[in-house]
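> sharing a model that was predicted from the sequence below.
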Amino acid sequence: VLPTRTIYEFEGPGVAVTLTFTTPALPEDMDLLSRPVTYLTTDVRATDGKKHAVQLFFDASALLTVNTPGQEVTGARETWNGVEAVRIGSVEQRILGKKGDDLRIDWGYLYVAAPKSLGPVAALGAPEDLHKQFTAGNLDQLAQSQPTLPTAAPTLAGGMAFDLGKVGAEPVSAWLMLAYDDLYSIQYMKTNLRPYWRRDGWEAADLIAASMEQYAAVQKRCIAFDDELMADLTAAGGAG
């Protein structure tokens, strides 16, 4: 666990997988710091000297977009500026409509997005159905996902699948973005205010497109920041 990255390593028969979650919370860059975007990078390699056919699937539950599980949600696939995306949000959309403790966001929209250049397959549906289709190798059926009718949050998820082809000892990567457009972030003097990243009129498509274009540069900056901060912390407090 590092300041801007959390890294998981898994290994099975003949294949190793590294998952890196990157949230670029760089304190010297307010624009970047304010973006509600997390990157998930997957690196896969063979460990047995052979080549393996590898496919990846990631999904996010619509429960991330509601306060309580009984609330209704809808979802749709979107595409723009070289991006393939799935959008999910509550039907009610009561922006800043609640206050108090033990509350979760239930307005705005969750996006799972990836660059078209990686050949992602965007999918919407019941989580168990998506998992069954993927494990059965039915990527074509996943690609036929249609906009959903209102449904209870636990019964909807949005996901992204990747076919990495034959993977050998050289790592093969795929990555996606998780973003949340809350539309309005705070109420001040009875006025709903936009989040900082939207101050110049950006919409969700602008946010995700910019995050996609800056992926490589952001990863390098986060690695450098993590290395520097961890070195400072170790020098101050020791390695224990």
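Cool, the structure landed.

> what's the longest helix in the chain?
If each helix of the chain is counted by residues according to DSSP state H, the longest one is helix 215-237.

> what helices or strands is that helix leaning on?
Under the contact criterion of 3 or more CB pairs under 8 Å, 6 or more residues apart in numbering; DSSP states H and E, helix 215-237 touches strand 5-12, strand 15-22, strand 37-46. Placement of C-beta: from N, CA and C, glycine included.

> which of these sits most buried?
Sort the helices and strands packed on helix 215-237 by mean neighbour count, taking mean count of other CB atoms under 10 Å, and strand 37-46 sits at the top with a mean of 19.

> report the mean per-residue pLDDT for it.
The average pLDDT within strand 37-46 is 98.

> just the buried residues of the very next helix or strand once past that strand, please?
Sequence-wise, the next helix or strand downstream of strand 37-46 (DSSP states H and E) is strand 52-61. Within strand 52-61, the residues scored as buried using 16 or more other CB atoms under 10 Å are 52, 54, 55, 56, 57, 58, 59, 60, 61.

> element containing residue 180?
Residue 180 belongs to strand 172-181, assigned by DSSP H and E.

> which parts of that strand are buried?
Buried, per 16+ other CB under 10 Å, within strand 172-181: 172, 174, 175, 176, 177, 178, 179, 180, 181.

> make a markdown table out of the helices and strands packed on helix 215-237 and add distance to residue 218.
Output for these, formatted as a markdown table (distance: least, CB to CB, whole Å):
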| stretch | distance to residue 218 |
| --- | --- |
| strand 5-12 | 11 |
| strand 15-22 | 7 |
| strand 37-46 | 7 |
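
> closest one to residue 235 among these?
Nearest to residue 235 among the helices and strands packed on helix 215-237 is strand 5-12 (20.3 Å), distances taken as CB to CB.

> for that closest one, give the mean pLDDT please.
Per-residue scores along strand 5-12 average to 97.
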